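Asks: Please find the sequence and the predicted model below.
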Amino acid sequence: MSLDNFVRKWIPSWIREEGPESDVVLSSRVRLARNFVDLPFPHLASDTALREVIKRLKNAVEVIKNHPPYQDLQLNPLNEMSGLDRLILVEKHLVSPQFIENFRDRAVILNGSETISIMINEEDHLRIQCFSPGLELQKAWEEVNRLDDLLEEKLHFAFLEDKGYLTACPTNAGTGMRASVMVHLPALAMTKQIGKVVNNVAKFGLTVRGLYGEGTEAFGNIFQISNQITLGLKEEEIIDNLYRVTKHVIEQERTMREGIMTHGKEGLLNKVGRAYGTLKYAHIISSQEAMTHLSDLRLGAALNLYPQVSKQAIDELIILIAPAFLQKIMGQELGPEERDLKRAELIREKLS
């Protein structure tokens, strides 16, 4: 299979496509946590109860598939997937790293374009997620809300009038919503303003996390900004708050980029040029080094310093160079040194 065909088959559409504010915002996600009223939370449930959760979801999906555009929803038990394919789900941001640690009696529901992902028996019975490219929080919210309504017609979720939806972790109770945006902030990082951004967004009930969410690092200057408060606010208020703060962060990043172009253009050209040269000609490259250079090159592409390189190609590479994806492309298990060789080979091909 050619690399282009592999990209079309394996990389979600919301990563491949360009959305609003894509020079800074890679994607938007809205997630809803839901639990059955008559079953214990997953961490307290028996194997029988966990299997009952999967059974109910399987039956519900068969009914929902009669409603466009959900005909291609598919339930995938984790224990029927290879370890490599489970890791790929994490690398595509479709499931959390914690979700695949214990894959027994767990499943994920996906649609064909992978704009929908429902984790079954993670921290909660259901974690319903919808993704959109760029800054499209409202679109992601409308899609996840529509799917949630359909599920609720068939399933009885734990809900109290004064507390909202009940969740395994009290911090998710109420709306059960986690909305997030994935942002690329190289200029704020270069000017050492990231700490200030983190502090500022916290004042609005938001938090900043790493590339793969809670407890992970921000490789390639890519961060996730999400809401912390789910109780006492309407879903629309959470979306609006995150949207407004994200717009402000975008303005700050663009201001820093303009400042660097005005007062340090030669240094920036050197940095981006070195990144391009290394990526295009290196024969051995680690994941961390590649992410650093891809971040610099993405900044250069956004500023039109390297018009021959598209942001989409870079965003695809960010996914393709991850360890599990590399091994999937090569069709074999690879050790760390072999991955560094193949990673460089793949990047050279993509940038050629």
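Replies: Okay, I see it.
Asks: And the pLDDT for E114?
Replies: According to the model's per-residue confidence, E114 sits at a pLDDT of 95.
Asks: Count residues in the vicinity of it, would you?
Replies: Residue crowding around E114 was assessed by other Cβ atoms under 10 Å; the count is 18. The C-beta positions use only the backbone N, C-alpha and C, and glycine is treated the same way.
Asks: Please, where are all the strands along the protein?
Replies: All strands of the chain, identified by DSSP state E, fall at 25-34, 74-77, 107-110, 116-120, 126-133, 159-160, 164-165, 177-184, 206-209, 222-227.
Asks: pLDDT averaged over the first one - what is it?
Replies: When you say that, I think you mean strand 25-34. Model confidence over strand 25-34, given as mean pLDDT, is 97.
Asks: and what of stretch 68-86?
Replies: Confidence for stretch 68-86, expressed as mean pLDDT, is 95.
Asks: again, but for stretch 334-351
Replies: 95.
Asks: out of the strands of the chain, nearest to P42?
Replies: For P42, the closest of the strands of the chain is strand 116-120, at 9.0 Å, according to Cβ to Cβ.
Asks: so what secondary structure elements neighbour the closest one?
Replies: helix 47-64, strand 107-110, strand 126-133 (3 or more Cβ pairs under 8 Å, 6 or more residues apart in numbering; DSSP states H and E).
Asks: Throw these into a markdown table and include mean neighbour count, thanks.
Replies: Shown next, in a markdown table, are these (neighbours: other Cβ atoms under 10 Å):
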| stretch | mean neighbour count |
| --- | --- |
| helix 47-64 | 16 |
| strand 107-110 | 22 |
| strand 126-133 | 25 |
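Asks: can you redo these as JSON lines with mean pLDDT?
Replies: What follows is the helices and strands packed on strand 116-120, written out as JSON lines (pLDDT from 0 to 100):
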{"stretch": "helix 47-64", "mean pLDDT": "97"}
{"stretch": "strand 107-110", "mean pLDDT": "98"}
{"stretch": "strand 126-133", "mean pLDDT": "98"}
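Asks: Would you format the strands of the chain as JSON lines with distance to E142 included?
Replies: Compiled in JSON lines, those are given as follows (distance: least, Cβ to Cβ, whole Å):
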{"stretch": "strand 25-34", "distance to E142": "9"}
{"stretch": "strand 74-77", "distance to E142": "22"}
{"stretch": "strand 107-110", "distance to E142": "19"}
{"stretch": "strand 116-120", "distance to E142": "13"}
{"stretch": "strand 126-133", "distance to E142": "9"}
{"stretch": "strand 159-160", "distance to E142": "21"}
{"stretch": "strand 164-165", "distance to E142": "18"}
{"stretch": "strand 177-184", "distance to E142": "12"}
{"stretch": "strand 206-209", "distance to E142": "21"}
{"stretch": "strand 222-227", "distance to E142": "17"}
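Asks: wait, which of the ones you listed is closest to N5?
Replies: Proximity of the strands of the chain to N5 was assessed by Cβ to Cβ; the nearest stretch is strand 107-110, lying at 19.5 Å.
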